[in-house]
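Colleague: compute the structure for the input listed below.
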Amino acid sequence: MKQEVADLNTIKMAFQAQTELLRTWVTTARTASNSLILRSLSQQILKSSTRLTNAESSSLFLLNLNGVVIESVLARGATIVPKKSRLIGQVLERGLAGWVHRNRQIGLVTDTTHDDRWLTMSDEPYTARSALCVPIFRGKTMLAIVTLMHSQPAHFRYEAASLMKLTAAQISLVLEGALLYVENHNSVTPSTTPPIVTFPPEVQSIPPTPTIVTSNGRSPSHTDVEAPISEKFAPDRDKIPQEFNLSKIGLYTIVWDGKFLYANPRLAQIFDYSFGELVELESIFGLISEGDYDFFSERVYRCIRAQSKHILCEVKGKKKDGKTVDIEIYGSRTKFYGKSVIIGAIREL
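Modeller: Down below sits the predicted model:
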């Protein structure tokens, strides 16, 4: 029982970090430039990561979908551009972040004085005796590298690494959407986020072209359309305040048969259930009208079986009293303790 409670608290903290990042994106996207959006997201990621692990200092490299560093936050604070680029290049070539990028796994350093992966700079304004470096992936694409530091050896242990791995999975869902949004906006407006550092060709990650399954109808007879995420998922700037109002979004996590691992209170409100009643439902399929049941269950099945990466469709939901409501459902497959799950959101249309 104690282990189950600890696991649930871990899940709660991971989702809280995701919600905070989504709130930052929604707030800045209304008025901010692309560069400010990326800077705000980077700082929010570090803020959440530092709080979760009790780190004393931290840094982050944000990568675009071609593996190029387009934003960074250094532990030493503000630095002139030429020096900043030189420092980033050194860390990516000989430091822990570079090792994490090349090996595509978490780097845990219990004592920096006895680990060859740690690169000590001569003018560091902080003391780092232990470090935890975490890659943030979306599928096979690396979106960011977060480095957390502490002045005491062995501050970061397996528990912190596990927590950050789970948190990174939740953060990646929001971060991918934000990067695609910025990329899509840059196709119309001159870029305000030029590359800072490009990885050498032998270690640069080249992502596959992502796709998303969409449906223009609400019945099983409609065919799916495969389209790039940047065309179908990246939201239009003018619509963000309405479509991404956090108070109107129901969040969920389900396993292969639709059973809930997580749901927020707003999801229950959309369907006129109390939160306790929602949790008692056998599965998310109980919220879908009979006419769209097969249509939606097929997409869940395809997503869990890795036949599609995402779910994005409009269907008729079923409220507690049997009345229908038009909803939009988004879901994305990820791993949770080695099992495939779908994490997503439901919005009332």
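
Colleague: wait, is Ala144 part of a helix?
Modeller: No. Counting by DSSP: H, G, I helix; E, B strand; the rest coil, Ala144 is not part of a helix but strand.

Colleague: specify the beta-bridge partners of it.
Modeller: Leu62, Ile136 (DSSP bridges).

Colleague: can you count the residues close to it?
Modeller: 24 (other CB atoms under 10 Å). Glycine gets a C-beta too; all of them are placed from N, C-alpha and C.

Colleague: same deal with Arg138?
Modeller: Around Arg138 there are 25 residues (other CB under 10 Å).

Colleague: so the residue nearest to Arg76 when sequence neighbours are not counted, which of the three states?
Modeller: Excluding its sequence neighbours, the residue lying closest to Arg76 (CB to CB, 6 or more residues apart in numbering) is Pro125, at 5.2 Å. Classification of Pro125 using three-state DSSP returns coil.

Colleague: which residues in this structure form helices?
Modeller: 2-29, 34-53, 81-94, 96-103, 158-186, 229-232, 240-243, 265-270, 275-280, 290-304 (DSSP state H).

Colleague: now mean pLDDT and mean neighbour count too, for these, in TSV please.
Modeller: What follows is those, written out as TSV (pLDDT from 0 to 100; neighbours: other CB atoms under 10 Å):
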stretch	mean pLDDT	mean neighbour count
helix 2-29	65	16
helix 34-53	85	20
helix 81-94	83	16
helix 96-103	93	21
helix 158-186	80	21
helix 229-232	31	16
helix 240-243	39	14
helix 265-270	89	18
helix 275-280	79	14
helix 290-304	91	18
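
Colleague: of these, which is nearest Tyr252?
Modeller: Closest of these to Tyr252 is helix 265-270, at 5.8 Å (criterion: CB to CB).

Colleague: what's the closest one packed up against?
Modeller: Secondary-structure packing of helix 265-270 (3 or more CB pairs under 8 Å, 6 or more residues apart in numbering; DSSP states H and E): strand 249-254, helix 275-280, strand 339-348.

Colleague: out of these, deepest packed?
Modeller: Counting by mean count of other CB atoms under 10 Å, strand 249-254 has the highest mean neighbour count of these, with a mean of 21.

Colleague: packing partners for that one?
Modeller: helix 2-29, strand 260-263, helix 265-270, strand 339-348.

Colleague: for that strand, which strands pair with it and how are they oriented?
Modeller: When DSSP bridges is applied, strand 249-254 pairs with strand 260-263 (antiparallel), strand 339-348 (antiparallel).

Colleague: identify each buried residue in the first one, please.
Modeller: It refers to strand 260-263. 260, 262-263 (16 or more other CB atoms under 10 Å).

Colleague: how about it as CSV, C-alpha atoms only?
Modeller: The C-alpha trace of strand 260-263 is given here as CSV (Å, rounded to 0.1, in the frame of the first residue of the first chain):
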residue,chain,number,x,y,z
PHE,A,260,-8.3,5.1,-16.2
LEU,A,261,-4.9,5.5,-14.6
TYR,A,262,-5.5,9.2,-14.2
ALA,A,263,-8.3,11.7,-14.7
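
Colleague: distance between that strand and the chain's centre?
Modeller: Averaging C-alpha positions (CA atoms, centre = their mean, to the nearest Å) puts strand 260-263 17 Å from its chain's average.

Colleague: what does that strand contact?
Modeller: For strand 260-263, contacts defined as CB atoms under 8 Å, 6 or more residues apart in numbering pick out 11, 15, 250-255, 275, 278-279, 281, 283-284, 336, 341.

Colleague: tell me which of those residues is nearest to Arg76?
Modeller: Checking the contacts of strand 260-263 against Arg76 with CB to CB, the nearest one is Phe15 at 31.4 Å.

Colleague: quick one, what contacts Asp326?
Modeller: Contacts of Asp326 by CB under 8 Å, 6+ apart are 314, 316-317, 348-349.

Colleague: okay if I get those as a markdown table plus pLDDT and distance to Ala169?
Modeller: Listed next are the contacts of Asp326 as a markdown table, based on pLDDT from 0 to 100; distance: CB to CB, whole Å:
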| residue | pLDDT | distance to Ala169 |
| --- | --- | --- |
| Glu314 | 92 | 26 |
| Lys316 | 94 | 30 |
| Gly317 | 94 | 27 |
| Glu348 | 90 | 26 |
| Leu349 | 87 | 28 |
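
Colleague: of the residues you listed, select the buried ones using a PyMOL command.
Modeller: Here is the PyMOL command that selects the buried residues among the contacts of Asp326 (16+ other CB under 10 Å):
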select buried, resi 314+316+317
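
Colleague: any idea which of the contacts of Asp326 is closest to Gly77?
Modeller: Using CB to CB, the contacts of Asp326 come closest to Gly77 at Glu348, 43.7 Å.
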